[in-house]
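Q: Sequence first, predicted coordinates after that:
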Amino acid sequence: MPTSGLACVRPRIVCNEFPAFVVKPGFAYRGLNLINMPNIKIFSGSSHLDLAQRIVDRLGIDLGKVVTKKFSNLETCVEIGESVRGEDVYIVQSGCGEINDNLMEMLIMINACKIASAARVTAVIPCFPYARQDKKDKSRAPISAKLVANMLSVAGADHIITMDLHASQIQGFFDIPVDNLYAEPAVLRWIRENIPFWSNSIIVSPDAGGAKRVTSIADRLNVEFALIHKERKKANEVASMVLVGDVKDRIAILVDDMADTCGTICQAAEKLKEAGANKVYAILTHGIFSGPAVSRINSASFEAVVVTNTIPQEQHMKESSKIQLIDVSNILAEAIRRTHNGESVSFLFNSVPL
């Protein structure tokens, strides 16, 4: 403390749980550790406020003030309610719900913070929008995921944090750093804690594209894996399925990164039952569940359909008792903390933070 001139006086905030600890502003309190979190602001878009609140609760800071509204012509208006000058800003917005409106809202929020002199703006996008349009698979098809990447960069994003990209090459669409986190550690923990006799299970991919994902999980659980080859007539409609692997008298665990109308996983569940599986579980990172998805899940032979909360699931869980939730807010919060403090996030690729 200087002895002359203007002294810098900081108020003292006493933690009620442990009165012996004095916590300075800009420091988050968790357990018995003080986490240095100065100069950080976290804002939430309107797509998934619950997840953003869980993240800031985990970090021990307040959610930034922002007002989003629409004009009568449905243009999106965003007002950042506090100063972000020189701050490390994180904007949480998932690619779900009214995707186009939420994407535009995120772009405007990023740009608003950038032109308000934020030091760095990170877009936290748990479910990346348009991720399935990642390649030119037929004549005159757009590569919309690349377009979204360009839009985020032009808006002013300096960094992207996302989870389980549908195609990992989307990271290469950006000229800015992208941290693609994995739900796999949380999935492994859920399997070990919630599936009795999981050692007699077999991990199944509902399509050939997910083979790498299921082999990684099967290796870490030390169990076998299988896959289902499917042929599509058109988008969201499967023509035929062929099971490759032996699931007889096993617990079959279907693992995929996302499910939309759930036609694929429900047909896969029936195929596994026909092949002699005792029980069938489905574990998905992004449960979009649009159209007839929930009714299909209710009528299918699943023990449980497990999804993460990268997309809001409250309404879906009310409509189906089979849908269960894995909370990944701790993984996203730890990624934000490590990014802010300049630490490596590779720890999160194999472990779930306590």
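A: Thanks, I have the structure now.

Q: what's next to the longest helix seen in the chain, contact-wise?
A: The single longest helix within the chain, with elements called by DSSP state H, is helix 99-115. Residues from elsewhere that reach helix 99-115, judged by Cβ atoms under 8 Å, 6 or more residues apart in numbering: 43, 45-47, 66, 68, 76, 78, 80, 84, 89, 91, 93-96, 121, 123, 125, 129-130, 148, 151-152, 155-157. Every residue, glycine included, has its C-beta placed from N, CA and C.

Q: For ChimeraX, write a command that selects the buried ones of those residues.
A: Only the buried entries of the contacts of helix 99-115 go into this ChimeraX selection, using 16 or more other Cβ atoms under 10 Å:
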select :43,45,46,47,66,68,76,78,80,84,89,91,93,94,95,96,121,123,125,129,130,148,152,155,156,157
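
Q: Go through the longest helix of the chain and flag the buried ones.
A: Under 16+ other Cβ under 10 Å, the buried positions of helix 99-115 are 101-114.

Q: ok, now stretch 199-206?
A: Within stretch 199-206, judged by 16+ other Cβ under 10 Å, the buried ones are 201-206.

Q: CA atoms of it as PDB?
A: Extracted in PDB, the C-alpha atoms of stretch 199-206 (Å, rounded to 0.1, in the frame of the first residue of the first chain):
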ATOM      1  CA  SER A 199     -18.700 -54.400 -17.700                       C
ATOM      2  CA  ASN A 200     -21.000 -56.700 -19.700                       C
ATOM      3  CA  SER A 201     -22.000 -53.800 -22.100                       C
ATOM      4  CA  ILE A 202     -21.100 -53.200 -25.700                       C
ATOM      5  CA  ILE A 203     -20.800 -49.600 -27.100                       C
ATOM      6  CA  VAL A 204     -22.600 -49.200 -30.400                       C
ATOM      7  CA  SER A 205     -22.400 -46.400 -33.000                       C
ATOM      8  CA  PRO A 206     -25.600 -45.800 -34.900                       C
END
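
Q: So Tyr90: helix, strand or coil?
A: strand (DSSP: H, G, I helix; E, B strand; the rest coil).

Q: picking that back up, okay, and which of the buried residues of stretch 199-206 map to helices?
A: Reading helices off these, I find no matches (DSSP H).

Q: If we only consider the residues you listed, which is nearest to Cys266?
A: Nearest to Cys266 among the buried residues of stretch 199-206: Pro206, at 9.8 Å, using Cβ to Cβ.

Q: Give me the nearest residue to Ser299, chain neighbours excluded.
A: Cys266 (7.8 Å; Cβ to Cβ, 6 or more residues apart in numbering).

Q: tell me the contacts of the one you found?
A: 296-297, 299-300.

Q: could you say which helix or strand contains it?
A: Per DSSP states H and E, Cys266 falls inside helix 263-274.

Q: now swap in Leu227 and tell me
A: Going by DSSP H and E, Leu227 is in strand 224-234.

Q: Using CSV, list the CA coordinates for stretch 329-338.
A: Presented in CSV, the C-alpha positions along stretch 329-338 are these (Å, rounded to 0.1, in the frame of the first residue of the first chain):
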residue,chain,number,x,y,z
SER,A,329,-21.6,-26.7,-17.0
ASN,A,330,-18.6,-27.7,-14.8
ILE,A,331,-16.6,-28.6,-17.9
LEU,A,332,-17.5,-25.3,-19.7
ALA,A,333,-16.8,-23.3,-16.6
GLU,A,334,-13.4,-24.9,-16.1
ALA,A,335,-12.6,-24.2,-19.7
ILE,A,336,-13.5,-20.6,-19.2
ARG,A,337,-11.4,-20.3,-16.0
ARG,A,338,-8.4,-22.0,-17.7
